[in-house]
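*Asks:* Got a sequence here, can you build the structure:
(one chain, ligands or ions: 1)
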Amino acid sequence: MTQTSAPSESLAAALHARLTSREARVGVVGLGYVGLPLAVEFARAGFRVTGIDLDGRKVTAINEGRSYIQDVPTKDVAEFHAAGLLSATADPAGVGELDTINICVPTPLRKTKDPDLSFVVAAVEMIAEHLRPGQLVILESTTYPGTTDEVVKPILEKRGLVAGRDFFLAFSPERVDPGNEKWTTRNVPKVVGGLTPACTSLAKTLYGASVETVVEVSSPRVAEMVKLLENTFRAVNIGLVNELALMCDRLGINVWEVVEAAATKPFGFMPFYPGPGLGGHCIPIDPFYLSWKVKEVGFEARFIELAGHVNGAMPHYAAQKVADALNTRAKAVRGSSILVLGVAYKRDIDDFRESPALDVMAELQQRGAKLSYHDPYVPRIAAHDWPGAETITSVPLTIEALSGADCVVILTDHRQFDYRLIVEHAPLIVDSRNAIKTPAAHVFKLGAPGGSGSVAS
Ligand SMILES: NC(=O)c1ccc[n+]([C@@H]2O[C@H](COP(=O)([O-])OP(=O)(O)OC[C@H]3O[C@@H](n4cnc5c(N)ncnc54)[C@H](O)[C@@H]3O)[C@@H](O)[C@H]2O)c1
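*Replies:* Prediction:
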């Protein structure tokens, strides 16, 4: 490709005009929990959106007008697809025809807790093959500060085009909160940091069409760090309250009661709640992108590492709580029937990636429990998706299932569970989420002494 001599101002003006008139062709690479909601919002704003994903099932679903993400109604996908505003492909050949390309591919950790940027690199290499002057590329995948500059930019520039002059480049962290009905892709403010003021301005124009508030920052690096601050803030505060739960357990105090009362302070306090561990694609992972990066400059991210230790030990603590509860009935974990309720990483969603429930279940299984689970959102867990390494399916939540279990363990507090039925029929309950509000002698809570009947007063 020959290097363009076109000044960035005219390219920027042309793209700006296409964005404001909605003539711009918008692309989203990676159509998962982040990419599909974003693509739908762009379509809602009136852009013609092309989603690119390697997963043929997702491509087929969109082209058949179906959603596969709980927060995205099929009605929207069907409507925008029928209107010619939303389509998907696994073929990158059309990337050159797009005006903007948002990258929403996974950024997991390797087993060693080092960042795995292989999906980002593959996606950027694919875009680089087709890059042409005047395009805007925005990375949305959560990553360490410097990725856009140090990893994405050199790959895109390999064929001679220069970022900020021939094409535009920015980072904008995704803040989607699956299952949150109040805060959606549309009304959560979007932080944007471009390589140059023109890059920022164009990214702002694109997002401004489909999200309510756009917040500009001075560089991609700042935008990358914003996301890591947000998720590290959560990981550290959850680590703190999890440690407090362990302290309360030893001291015979109910941590849930403590947090609820502390939360009545109208300033200077924000409640976080303990649980069986961290889950999902963000909080357990993203802070380690930062701790890995700062090692390069000889810095040790102590809060992150400490929170990682505390949070990482919670599944074991929850399993131990089950053993302790069974012990009060003169039973061992080995041979006991244990029914787990909820395996998704948080309430009311179907995502069980990194869910701490899987670790708790694996430990109980390894200690000899006869394990079953019920989760209305997760019908099946394949052998390769959890450390228990055998495929298991959700059992119906019946009176027989509850009364036949030696212990029922609440690991995810889905709102649709009938807690009255559970308390009435389960002989013994370990509640790791404070889902059961009425104290009962056969209910044991994580971070609280004995059967929670003892904390009624
Ligand atoms: N899920 C969340 O709640 C959430 C919230 C904020 C930020 N994020 C971040 O957003 C990014 C995406 O997360 P997600 O949860 O949407 O992931 P996901 O696994 O749900 O979706 C990613 C999609 O990218 C596709 N993909 C992978 N490599 C590709 C390639 N080279 N070309 C085209 N498609 C490719 C996959 O097939 C998949 O459909 C991650 O960096 C994550 O940390 C996620």
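*Asks:* Which residue ranges of the stretch 251-400 of the chain form strands?
*Replies:* Assigned strands in the stretch 251-400 of the chain, in chain order: 337-341, 370-374, 380-381, 392-393 (criterion: DSSP state E, counting those that start in this stretch).
*Asks:* Make a markdown table from these and add mean pLDDT and distance to the ligand to it.
*Replies:* The C-beta positions use only the backbone N, C-alpha and C, and glycine is treated the same way. Rendered in a markdown table, the data for the strands of the stretch 251-400 of the chain read as follows (pLDDT from 0 to 100; distance: least, CB to the nearest ligand atom, whole Å):
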| stretch | mean pLDDT | distance to the ligand |
| --- | --- | --- |
| strand 337-341 | 98 | 23 |
| strand 370-374 | 97 | 22 |
| strand 380-381 | 97 | 17 |
| strand 392-393 | 98 | 22 |
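*Asks:* Mind checking those for the one nearest to residue 207?
*Replies:* strand 380-381 (36.4 Å; CB to CB).
*Asks:* Pull the residues that contact the closest one.
*Replies:* 343, 352, 358, 373, 388, 391-394 (CB atoms under 8 Å, 6 or more residues apart in numbering).
*Asks:* let's see it at 6 Å
*Replies:* Identification of contacts with strand 380-381 by CB atoms under 6 Å, 6 or more residues apart in numbering yields 392-393.
*Asks:* List the pairing partners of that strand within its sheet, with orientation.
*Replies:* Counting by DSSP bridges, the strands paired with strand 380-381 are strand 392-393 (antiparallel).
*Asks:* ok and the residue in this protein nearest the ligand?
*Replies:* residue 32 (1.8 Å; CB to the nearest ligand atom).
*Asks:* what's the most buried one of the strands of the stretch 251-400 of the chain?
*Replies:* When those are scored by mean count of other CB atoms under 10 Å, the highest mean neighbour count falls to strand 337-341 (a mean of 24).
*Asks:* helices or strands up against it?
*Replies:* On a contact count with 3 or more CB pairs under 6 Å, 6 or more residues apart in numbering; DSSP states H and E, strand 337-341 meets strand 370-374, strand 407-410.
*Asks:* tell me the angle of that strand relative to strand 370-374?
*Replies:* If you take axes from the mean of the first three to the mean of the last three CA atoms, to 10 degrees, strand 337-341 sits at 20 degrees to strand 370-374.
*Asks:* Quick one: mean pLDDT over the longest helix along the chain.
*Replies:* Using DSSP state H to define each element, the chain has its longest helix at helix 220-251. The average pLDDT within helix 220-251 is 97.
*Asks:* buried set for it?
*Replies:* Neighbour counts using 16 or more other CB atoms under 10 Å place 220-221, 223-228, 230-232, 234-236, 238-246, 248-249 of helix 220-251 among the buried residues.
*Asks:* Around the ligand, pick out the residues from the chain.
*Replies:* 29-35, 52-55, 58, 104-107, 119, 122-123, 126, 141-142, 174-176, 178, 281-282 (CB under 6 Å from any ligand atom).
*Asks:* Among those, which ones are in strands?
*Replies:* 29, 52 (DSSP state E).
*Asks:* Now that we have the residues of the chain next to the ligand, which of them are buried?
*Replies:* Applying 16+ other CB under 10 Å to the residues of the chain next to the ligand flags 29-35, 52-54, 58, 104-107, 119, 123, 126, 141-142, 174-176, 178, 281-282 as buried.
*Asks:* Any figure for the gap between the one residue sitting closest to the centre of the chain and residue 217?
*Replies:* Closest to where the C-alpha atoms of the chain average out (CA atoms, centre = their mean) is residue 281, at 3.9 Å. Distance, residue 281 to residue 217, using CB to CB, to the nearest Å: 23 Å.
*Asks:* next one: residue 98
*Replies:* 25 Å.
*Asks:* Between those two, tell me which one has more neighbours.
*Replies:* The residue with more neighbours, out of residue 98 and residue 217, is residue 98; 24 against 18, by other CB atoms under 10 Å.
*Asks:* Contact partners for that one?
*Replies:* Contacts for residue 98 (CB under 6 Å, 6+ apart) come out as 25, 27.
*Asks:* repeat that with 8 Å
*Replies:* Contacts of residue 98 (CB under 8 Å, 6+ apart): 25-27, 50, 135.
*Asks:* With residue 363 instead?
*Replies:* So residue 363 contacts 315-316, 319 (CB under 8 Å, 6+ apart).
*Asks:* one more time with 10 Å
*Replies:* By CB atoms under 10 Å, 6 or more residues apart in numbering, residue 363 lies in contact with 315-316, 318-320, 322-323, 333, 369, 387-388.
*Asks:* Surely residue 449 touches residue 257?
*Replies:* No - at 11.3 Å, residue 449 does not count as touching residue 257 under the criterion of CB atoms under 10 Å.
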